[in-house]
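> give me a model of this one.
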Amino acid sequence: MEDSNAAVEVSNDGSGLKWWSFSSPQRVSFGVGSRRLLPDVVRDLGARVLVCTDHNMVAAGVIAPLVESLTKTPDVEVLVYDEGEAEMGFDGAEACVDAVRSFGATVVVGIGGGSNLDLAKVVAARLCDDRPISRWAAEGLPQRALAVVALPTTAGTGSEVTPIAVLTDERRHLKVGFQNHVLLPRAVLVDPELTLTCPASVTAHSGMDALSHAIESLLDISFADKPTQAYADQAFVGKNPYSDALAIEAVTLIGRSLARAVRDGDDLAARTDMALGSLLAGMAFAAAGTAVIHALQYPLGALTRTAHGHGNAVLMPSAVRYNSSARRSEAARIARILGSTSDVDDVAASELADVLGELALEVGITPNLRSIGVNETDLDSLASAALGITRLLNNNPRPMDHEALVDVLRGALDFVPGVRW
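Model (predicted):
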């Protein structure tokens, strides 16, 4: 069994009844020191281990002890590919495949942030498929992949628990999200100590990314209002009881510890909260899906070359203000977890945008588009680019057309907490 699945199935016989599903890796181990389980994990999956990482991880001293523990395992051989980079593109992934193909890997270990984990997932699939990655979107994703083991070193993307990988199409200057069950890691080791090397800015951006995953999962369209998926699809089914429970706990953990982790990177308790919050938020959105924030961030990131989490932090206040009328009670609950003191749902929900903006400021992010170089003249093209990302926009609780996307962008352009637009 390649992954564990759970589903509540009611009916799909035209009666109008619906079901929701979720998928998760076969095994997730969480806690300080869990990285030491890597040799045991690999022993069950294969003897020729490809490690996908980057120069920063090597320089930080993260990779050497992990590789040493693997090489001490009888019959295990290891190849380290350390050319990973932020916003990895199709060409970069193909370069990795070319460099490692002759090694004959049987398992791929991704160590680092979301880009490294996504690289590991894509390479694991590409090594089982002769077609260039650039053809996957049009022709369909591979149906086989090598086993992937994920060790995240940032608390943000949740890539370790999703069947999704995002790469940049360099020719079209667009981010492309690949979604397929073969991309789901087989085993995950989440060790909060691995996040201690994260700089404050990376901690802030990653943490706001994780928060956006949890919030979009809670504000999504309901599974009952989406077309019922085929069993093999396994992801982005809409908000459901599973994703709601995970997302609420993720918001709680991130809300109480993100600022602490940014202020003091050695605060292991805060780092542990953030690692768990990111993990739970990843599991939530892997089931429910992300929506307008992420749809807009893809072209925004391509335009501004800013970190993914930075873009999400800038877009979040305006997006939740736009969507809160469709998810009043959920928005109010999030706002109260993050600091609102109002007992009235309408009031608390209306405060959520400001609460998020204030949190962004607290962790060093100016939460408006102008701060990352976006002007009024950019809004139309950003909206046009996002309009084609229906995989995400179909999850939004309010329908999104070009005008609505421009409205969200306009609200984010000069957003200041406490100032209405």
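
> what mean pLDDT does stretch 226-239 have?
Over the span of stretch 226-239, the pLDDT mean works out to 80.

> start at 219 instead
With 219 as the first residue, the last one maps to stretch 444-457.

> domains of this protein?
Residue ranges for each domain of the chain read 242-349+361-413, 420-631, as given by automatic domain parsing.

> mind giving me the packing neighbours of the longest helix along the chain?
When secondary structure is assigned using DSSP state H, the longest helix within the chain turns out to be helix 459-481. Counting contacts by 3 or more CB pairs under 8 Å, 6 or more residues apart in numbering; DSSP states H and E, helix 459-481 packs against strand 238-242, helix 418-437, helix 486-506, helix 546-556, helix 563-580. Glycine gets a C-beta too; all of them are placed from N, C-alpha and C.

> now that helix and strand 238-242, what's the angle there?
Orientation note: helix 459-481 sits at an angle of 50 degrees relative to strand 238-242 (axes from the mean of the first three to the mean of the last three CA atoms, to 10 degrees).

> that older thread, and of the domains of the chain, who's closest to K236?
Nearest to K236, of all the domains of the chain, is domain 420-631, at 4.9 Å by CB to CB.

> closest one to A520 among the helices and strands packed on helix 459-481?
Within the helices and strands packed on helix 459-481, the stretch nearest A520 is helix 418-437; the backing value is 16.5 Å (CB to CB).

> average pLDDT for that closest one?
98.

> and it, how far from the chain's centre?
On the basis of CA atoms, centre = their mean, to the nearest Å, the separation between the geometric centre of helix 418-437 and that of its chain is 9 Å.

> pLDDT weak spots in the stretch 219-368 of the chain?
For the stretch 219-368 of the chain, the stretches with pLDDT under 70 are 219-235.

> that older thread, now tabulate the domains of the chain in a markdown table and tack on mean neighbour count and distance to K236.
As requested, those are exported to a markdown table (neighbours: other CB atoms under 10 Å; distance: least, CB to CB, whole Å):
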| stretch | mean neighbour count | distance to K236 |
| --- | --- | --- |
| domain 242-349+361-413 | 20 | 20 |
| domain 420-631 | 22 | 5 |
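
> any chance of JSON lines for those, columns distance to A355?
Conversion of the domains of the chain to JSON lines gives the following (distance: least, CB to CB, whole Å):
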{"stretch": "domain 242-349+361-413", "distance to A355": "6"}
{"stretch": "domain 420-631", "distance to A355": "11"}
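
> ok, A601 - contacts?
Going by CB atoms under 8 Å, 6 or more residues apart in numbering, A601 touches 514, 620, 623-624, 627.

> re the thing from before, so which of the helices and strands packed on helix 459-481 gets nearest A342?
Closest among the helices and strands packed on helix 459-481, using CB to CB: strand 238-242, at 16.4 Å.

> what's the closest one packed up against?
Counting by 3+ CB pairs under 8 Å, 6+ apart, the elements that strand 238-242 packs against turn out to be strand 222-226, helix 459-481, helix 486-506.

> before we move on, the earlier item: closest to R616 out of the helices and strands packed on helix 459-481?
The stretch from the helices and strands packed on helix 459-481 with the least distance to R616 (CB to CB) is helix 418-437; that distance is 9.6 Å.

> ok, back up a step: tell me what angle the longest helix of the chain forms with helix 486-506.
Between the axes of helix 459-481 and helix 486-506, defined by the same axes, to 10 degrees, the angle is 150 degrees.

> and the angle from helix 459-481 to helix 546-556?
Regarding helix 459-481 and helix 546-556, their directions subtend 30 degrees when assessed with the same axes, to 10 degrees.

> tell me how far helix 459-481 lies from the chain's centre.
Here helix 459-481 is found 14 Å from its chain centre; the criterion is CA atoms, centre = their mean.

> before we move on, what about stretch 377-397?
Its chain's C-alpha centre and that of stretch 377-397 lie 11 Å apart, by CA atoms, centre = their mean.

> for the record, mean pLDDT for it?
When pLDDT is averaged along stretch 377-397, the result is 89.
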